[in-house]
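**Student:** Sequence below, structure please.
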Amino acid sequence: MAEMIGRKDECRELERCLKSPKSEFVVVYGRRRIGKTFLIRNFFKDKYDFSFVGQHNCTKEEQLANFADAIKSYGNSNFDLQLKTWKDAFKQLRILLENSRVRRKKIVFIDEMPWLDSRRSDFVSALEYFWNSWAGNRSDIMFVACGSSTSWIVEKILKNRGGLFNRITMQIYLSPFTLREVKEFLKSQNFTWDNYQIAQAYMILGGVPFYYSLINKSLPLAKNIDNLFFSSKNAVLRTEFDELFAALFSNYEKHIDVIKVLTACSEGYTRTEIAQKAGFGGSEMTKILDNLERCDFIMSSFKTGGGKKNKIYRICDFYTLFYYKFVDNNRTSNANFWQKLSLTPKLYTWQGFSFELLCLLHIKQIQKALGIDGVMTEVSTWRSKNRDAQIDLVIERSDRVVHLCEMKFSKNEYVITSDYENTLRRRMGAFEAETGIERGVNLSFVTTYGVANVNSHSIVNDNIVLSDLFENQ
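**Tutor:** Numbering: from 1, shown residues only. You can find the predicted model right below:
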């Protein structure tokens, strides 16, 4: 089995559940392709007392027939088992586990559980009965449920107000890889890319491990991107998008409506602005924003001095952002599209915004580079009243120092011109005047290779570079 990269905290939680003195109901969820099944298979070494995978777009009868086959296989039985209901299915699972002679916890793994809950299937009520009437009362069951449909997992399991209320003993959400974890993954595949190349790839593919497994290490990054997105209408990461949101969310069309609104504005929008542009609001908007943020498609930050309700939402999934920026309206197949675009100013503009997003997703690493990872902080975004200036990352420290972060992507050391330095001074002045902050204000630069002649610029207080973002949190 392939080497496990990252996921150390998640493995520790699984180990704790495995050794606990009570039965455990564990839910593992996260976006499509993030590595949920790989985590479970790797941790348990594919050694289960029962495992089953739901099948997409199958009838209840077909799912039950598959479940019966799994029961027969794990029970080494030739008996022709007929299951008519999910209650029957869980009864047979209980019998199988009761007949097991193992003296450790019995491991049950059900993958893609949301696909089992077809209309009028009564799957959830049967699961509730199985856990409450038997498994939950024992001390030797570890029941692991997994699935990509986040909205189903949250609504039917995690926020269940019926028989599963407060029954889930452990939730494990798999986040995308950090830059460091992507670097470790690529190293395990014998890639020799440097940090700059990895950052370029990350600003397209994000932290989804599966996407990196598709890269051909013998080809340049630009050629790989052409092969994966632009070589044909059936390019693997071009068609991936059609399944991504549909697999995660019910009512996914409105989730996409919100995504489209946010991809059109790099600065982000407030909830009110999103509702106006998307054409709906209320509890439906609240639910969709929560779903998208929970799955790391969008992120929110408070406005400096704007109150806790005045959040700004922005897209934070690189794959989705790249898709809408370059793929969605590109109707022609061009095997050299990205290689040619890589030489144009349009790419530099996009990379500038993407690098800002990269920094926002690695704030802990920035705080570590600033030497304040042990200090209480609040992170926010600032917009001037007339909206002619914005600072995407404001870090307020409990020791009354504020960091205003400027994030710049460049091939070499970043050069601060005299005009830009004057702009920065005016922006800092506006920030201090509008927020009324009476603290030390530091201007902190985050760049790929540092600020050129940093000692000649009194305005630069901190000089953070790309390699700092690859550090452990």
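**Student:** So which elements touch the strand or helix carrying residue 40?
**Tutor:** If you go by DSSP states H and E, residue 40 is part of helix 36-44. Taking 3 or more C-beta pairs under 8 Å, 6 or more residues apart in numbering; DSSP states H and E as the contact definition, the neighbouring helices and strands of helix 36-44 are helix 8-19, strand 24-29, strand 106-111, strand 141-147. All C-beta atoms are positioned from the backbone trio N, CA, C, and that covers glycine.
**Student:** May I see the buried residues of the first one?
**Tutor:** Looking back up the chat, that one is helix 8-19. Across helix 8-19, burial judged by 16 or more other C-beta atoms under 10 Å covers 10, 13, 14, 17.
**Student:** which one of those is nearest residue 324?
**Tutor:** Looking at the buried residues of helix 8-19 and their distance to residue 324, the nearest is residue 10, at 30.4 Å (C-beta to C-beta).
**Student:** What does the pLDDT read for the closest one?
**Tutor:** With respect to pLDDT, residue 10 scores 96.
**Student:** Could you do the one 3 residues further on as well?
**Tutor:** Per-residue pLDDT puts residue 13 at 97.
**Student:** now do residue 374
**Tutor:** Each residue has a pLDDT score; the one for residue 374 is 87.
**Student:** Surely it is in a strand?
**Tutor:** No - for residue 374, which was evaluated using DSSP: H, G, I helix; E, B strand; the rest coil, the result is coil, with no strand membership.
**Student:** Now stretch 218-226: buried residues?
**Tutor:** Of all the residues in stretch 218-226, those buried under the rule 16+ other C-beta under 10 Å are 221, 222, 223, 224, 225, 226.
**Student:** Got the phi and psi for the residue nearest to the fifth one when sequence neighbours are not counted?
**Tutor:** On the basis of C-beta to C-beta, 6 or more residues apart in numbering, the spatially nearest residue to residue 225 that is not a chain neighbour turns out to be residue 338, at 4.4 Å. Main-chain dihedrals, residue 338, degrees, to the nearest 10: phi -70, psi -30.
**Student:** Now do the helix holding residue 40 against strand 141-147: the angle between them, please.
**Tutor:** In terms of direction (axes from the mean of the first three to the mean of the last three C-alpha atoms, to 10 degrees), helix 36-44 departs from strand 141-147 by 150 degrees.
**Student:** mean confidence score for helix 36-44?
**Tutor:** Helix 36-44 shows a mean pLDDT of 95.
**Student:** CA atoms only for whichever helix or strand comes after that helix - export them in PDB, please.
**Tutor:** Later in the chain than helix 36-44, the nearest helix or strand by DSSP H and E is strand 50-53. The C-alpha atoms that make up strand 50-53 are tabulated as PDB, following Å, rounded to 0.1, in the frame of the first residue of the first chain:
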ATOM      1  CA  PHE A  50     -17.000  -6.200   7.600                       C
ATOM      2  CA  SER A  51     -16.700  -3.600   4.900                       C
ATOM      3  CA  PHE A  52     -19.100  -2.400   2.200                       C
ATOM      4  CA  VAL A  53     -19.200   0.300  -0.500                       C
END
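**Student:** Which elements pack onto strand 50-53?
**Tutor:** Secondary structure elements in contact with strand 50-53, counted by 3+ C-beta pairs under 8 Å, 6+ apart, are helix 60-74, helix 86-98, strand 106-111.
**Student:** what packs against the longest one?
**Tutor:** It refers to helix 60-74. In terms of contacts (3+ C-beta pairs under 8 Å, 6+ apart), helix 60-74 is packed against strand 50-53, helix 86-98.
**Student:** Buried residues, that helix. List them.
**Tutor:** For helix 60-74, burial by neighbour count (16+ other C-beta under 10 Å) applies to 60, 63, 64, 66, 67, 68, 70, 71, 72, 74.
**Student:** May I see the buried residues of stretch 197-211?
**Tutor:** Using 16+ other C-beta under 10 Å, the residues of stretch 197-211 that count as buried are 198-209, 211.
**Student:** Tally up the residues packed near residue 55, please.
**Tutor:** Neighbours of residue 55 under the rule other C-beta atoms under 10 Å: 13.
**Student:** distance of residue 274 from residue 314?
**Tutor:** When distances are taken as C-beta to C-beta, to the nearest Å, residue 274 and residue 314 turn out to be 10 Å apart.
**Student:** what residues are shared contacts of the two?
**Tutor:** Residues touching both residue 274 and residue 314 (C-beta atoms under 8 Å, 6 or more residues apart in numbering) are residue 262.
**Student:** Using the record, which stretches count as separate domains in the chain?
**Tutor:** Per automatic domain parsing, the domain ranges recorded for the chain read 8-173, 179-356, 363-470.
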